[in-house]
Structure formats: structure tokens, C-alpha cells
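> Need the 3D shape of this:
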Amino acid sequence: MRLRNRHGSHVDPVPFVVVVGLTFMVLLSFGPLYGQALGLSLEAAIAVSVALFAVATVAAYHRQIWTARPELRGHVSAAVRAERLFYLIPILAALIVALAVPLVAR
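Numbers count the residues shown, from 1 in each chain. Below is the predicted model of the structure:
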């Protein structure tokens, strides 16, 4: 699979496929459950999950394929990458708490 960015350069599709796969897994596994916990019918909860998946897929494509700049890949220092990982920890912790809220509220 050879994807190109808006400038015609080849872009590695693996990060995009991983993000879309994880998004599919999370939204269509947890989405209907939490939609029902928040009062939606099963059909509406699945529809909302699918719509959110479509939006996330378009956003991931735009970010990781269309506007990607593969020529700058080697210019990001280790300190910047470590800082990004450090900021990711509280985001993931907040996501875990957010996923637990509908289960506790029941």
C-alpha cells in the first residue's frame, strides 16, 4: 500500500493503520456499552460509535497521511519525543477514568 501526501511523497501507512485499528477497537467495543449506559438505544449507540469512528479515521488520515512530512522524520530530537510521551501519560490516565465513569454511574 503506497500512500502519498499532498506533495506526492510516499508516506508510511503503518501508523495510520494502527491508529485506525485501535480506534475501531475502542469505539466499537466500548461505544455501544457506554451509549446504552448514557440512555441511548443499542442502534443509536452503534450509529454514534460508527460516526465517531468515521470522523476519527478522516482526522487520522489528514494528520498522518495527507499533511505528513516524511523528510522531517529524523529531525525530531529524543528530548522532544520523551516530552511527548510524558504528556501522553496523563492523557491515557484521563481516558481510563473516562471509560470507567459510565460503569460506576450505573
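
> quick one: Ala78 and Ala93, what's the gap?
Counting by CB to CB, to the nearest Å, the gap from Ala78 to Ala93 is 23 Å. (Glycine included, C-beta is placed from N, CA and C.)

> Just want to know which of these two has more residues nearby.
Taking neighbours as other CB atoms under 10 Å, Ala78 and Ala93 compare with Ala93 leading, 10 against 7.

> ok, that one - contacts?
When contacts are counted by CB atoms under 8 Å, 6 or more residues apart in numbering, Ala93 touches no other residue.

> helix, strand or coil for it?
Following DSSP: H, G, I helix; E, B strand; the rest coil, the label given to Ala93 is helix.

> list the buried ones in stretch 5-15?
Under the neighbour-count criterion of 16 or more other CB atoms under 10 Å, stretch 5-15 has Val11 buried.

> cool, and stretch 53-66?
Neighbour-count burial for stretch 53-66, with 16+ other CB under 10 Å as criterion, is recorded at 53, 56, 60-61, 64-65.

> Identify those among the residues you listed that sit within helices.
In this view, those that belong to helices under DSSP state H are 53, 56, 60-61.

> Which one of the buried residues of stretch 53-66 is nearest to Leu42?
When these are compared for distance to Leu42 (CB to CB), Phe53 wins out at 16.4 Å.
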